[in-house]
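J.: Fold the following for me, if possible:
(2 chains)
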There are 2 protein chains.
Amino acid sequence: MLGRKLSERLARDGALGSAPISELSLVDVVPGADARVADISEPGAADEILSARPDVVFHLAAVVSGEAEADLDKGYRVNLGGTRRLFEAIGKAGRRPRVVFSSSIAVFGPPFPEAIGDDQAPAPLTSYGTQKAIGELLLADYSRRGLMDGIAIRLPTVCVRPGSPNRAASGFFSNIIREPLAGREAVLPVPDDVRHWFASPRAAVEFLVHAATLDTAALGDRRALTMPGLSATVAEQIAALREVAGEGAVRLIRREPDPTIIRIVESWPRNFDARRARELGFRAETSFDEIIRIHQEDEL
Amino acid sequence: MLGRKLSERLARDGALGSAPISELSLVDVVPGADARVADISEPGAADEILSARPDVVFHLAAVVSGEAEADLDKGYRVNLGGTRRLFEAIGKAGRRPRVVFSSSIAVFGPPFPEAIGDDQAPAPLTSYGTQKAIGELLLADYSRRGLMDGIAIRLPTVCVRPGSPNRAASGFFSNIIREPLAGREAVLPVPDDVRHWFASPRAAVEFLVHAATLDTAALGDRRALTMPGLSATVAEQIAALREVAGEGAVRLIRREPDPTIIRIVESWPRNFDARRARELGFRAETSFDEIIRIHQEDEL
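T.: Residues are numbered from 1 along each chain as shown, chains lettered A, B, ... in the order given. As a prediction, the model looks like this:
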């Protein structure tokens, strides 16, 4: 989803920062409109991708959290093995491209401080979060060694995610807004007081573009950055939905507690002090009303 | 070296904590007296090791820091790939053994606080430190998933290391004591004011044994522990050598600054507050005189 939005944005701009784009090469594991099909966890696939000699690589590919938890082998094969193969291929190609890696706030685990600062030690409580934390370490080492110019951005949960639900455990945060706005029922598997950390798809695409163009000298050797976001509870999400679409929409949310999802979400952080990223010019929404309005502008 | 000392200790005790040892199986990548030869980075090697159905696995295998920095592929193949294969084999064997993994203080990088506490975020500035930090993450995830009962212990630099120099960049910390005590010259490649974090081989073996026998319930999901140690400068090392062996021994230290080693050592931490480990009963030396005395007792 983010890859599609990013490529649309880049095609529209025709440039990345001040640099015109001469070629945009999309790679996906499933067949899509304009993407080459490749699985970066397969030997040789990453080398072939690198034959396009890119100046910038966006690495967004991942088995999502719910699936990485359900399928240990697949999660490690793709999220660790695939990332390692991609970085190795980048190192061997020898062009030192900018590499933007989408990491996640799932690298952090409880106990949480009131707001997680930039020096908090990653302590993931999911295999997905573990694999993202490992990707950050690989990226930092490859960058330190001059093999790439990497930046890992820890994305908030992207909300409202358009399209149909995927297997991410966080899917319901979007479902309970998107589906009622379209007149459809949505399942809420967690209590209303669950707090989480959000940014809109529009903000997330802007994070990726900014990460691809900023001066990485300011990062030093610490190449992973927590992105800014909005800390909101499910109750606050629902209040914003009521504000925008009325009580009829809210009534389409069906409460159906799911112990597995509750357990996964409990291990996720809720609030951050993303100071380093803000100082580097990254910006997110400041209210859930704004997040819903962006969804309406961009999708409806 | 640590593996040999550990196996000697276990053979002598005939027990690990209160559990008698029925079988001790040693595995090394190079042929040795009693060890099977295997390379855990090769497919199938780890599965074969696990066929001995161990209750406890000590994973000390690693390409050392200097070599992992010089040979990117080899370091990742063994320190990351080999560890991953070993943990996968342990998971598949399905016996949930205690796994003691020797990590390193090289997982930390500057800027350093006065003393590094238990919540400091790993930020390695060597490939070796990166690979150890990744091993910690894998071990925590495999333990959380019930596939092993893991504990990663971040060893201080082990000093005085017996035998002949290896390719570890930290080798000189031992060379400047061991060699003069034996009447031989030793090269000091860094300034006298370099501060570092030490424990004797005897203390390191005791860390491994204690890690294999303690109740891991106290660890929760945070399975990596910084071991206690002694913070000392090279000047303090030399003063202790003078105390024990006189000015003649000190005169055998030849100062020969090595920019590569200076750069690597500058990225290493110097002082820790290893509170969690101390509370769990881990103990180290409190003076460098004591470290030299232990070397004399155990080796000379």
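
J.: and the gap between the nearest residue to residue A:184 once chain neighbours are set aside and residue B:52?
T.: Nearest non-adjacent residue to residue A:184, counting by C-beta to C-beta, 6 or more residues apart in numbering or on different chains: residue A:252, 6.7 Å away. Using the backbone N, CA and C atoms, a C-beta is placed for each residue, glycine as well. For residue A:252, the distance to residue B:52 equals 58 Å [C-beta to C-beta, to the nearest Å].

J.: got it, and residue A:247?
T.: Taken as C-beta to C-beta, the span from residue A:247 to residue B:52 is 65 Å.

J.: of these two, who's got more company?
T.: Taking other C-beta atoms under 10 Å in any protein chain shown, residue A:247 and residue B:52 do not tie; residue B:52 has more neighbours (13 against 8).

J.: In a strand, the more buried one, correct?
T.: No. Secondary structure of residue B:52 (DSSP: H, G, I helix; E, B strand; the rest coil): coil, not part of a strand.

J.: my guess is it contacts residue B:25, does it?
T.: Yes. Look at residue B:52 against residue B:25 with C-beta atoms under 8 Å: they come within range, at 4.7 Å.

J.: Over to residue A:31. Which of the three states is it?
T.: Going by three-state DSSP: residue A:31 is coil.

J.: I'd say it and residue A:38 touch.
T.: No. Applying C-beta under 8 Å as the test, residue A:31 and residue A:38 come out as separate, 10.8 Å apart.

J.: Looking at these two, which is more packed in?
T.: Neighbours were counted for residue A:31 and for residue A:38 using other C-beta under 10 Å; residue A:38 has more, 16 against 8.

J.: State the distance from that one to chain B.
T.: 22 Å (C-beta to the nearest C-beta, to the nearest Å).

J.: Could you tell me which residues make contact with that residue?
T.: A:27, A:28, A:29, A:45, A:48, A:49 (C-beta atoms under 8 Å, 6 or more residues apart in numbering or on different chains).

J.: quick one: which of those is nearest to chain B?
T.: Relative to chain B, the closest of the contacts of residue A:38 is residue A:45; by C-beta to the nearest C-beta it sits at 18.0 Å.

J.: mind checking how far that closest one is from residue A:131?
T.: To residue A:131, residue A:45 is 18 Å away according to C-beta to C-beta.

J.: ok, those two, which is more surrounded?
T.: Between residue A:45 and residue A:131, counted using other C-beta under 10 Å, residue A:131 has the larger neighbour count: 29 against 20.

J.: what about the nearest residue to that one once chain neighbours are set aside, neighbour count?
T.: Nearest residue to residue A:131 in three dimensions, chain neighbours excluded: residue A:79, at 3.5 Å (C-beta to C-beta, 6+ apart). Neighbours of residue A:79 under the rule other C-beta under 10 Å: 25.

J.: next one: residue A:192
T.: 14.

J.: That one: which element?
T.: Following DSSP states H and E, one finds residue A:192 outside all helices and strands.

J.: What pLDDT is listed against it?
T.: For residue A:192, the model assigns a pLDDT of 97.

J.: Pull the contacting residues for it.
T.: Residue A:192 makes contacts with A:233, A:234, A:235, A:238, as judged by C-beta under 8 Å, 6+ apart.

J.: Surely the second one and residue A:198 touch.
T.: Right, residue A:234. No. Contact criterion C-beta under 8 Å: residue A:234 and residue A:198 do not qualify, at 11.1 Å.
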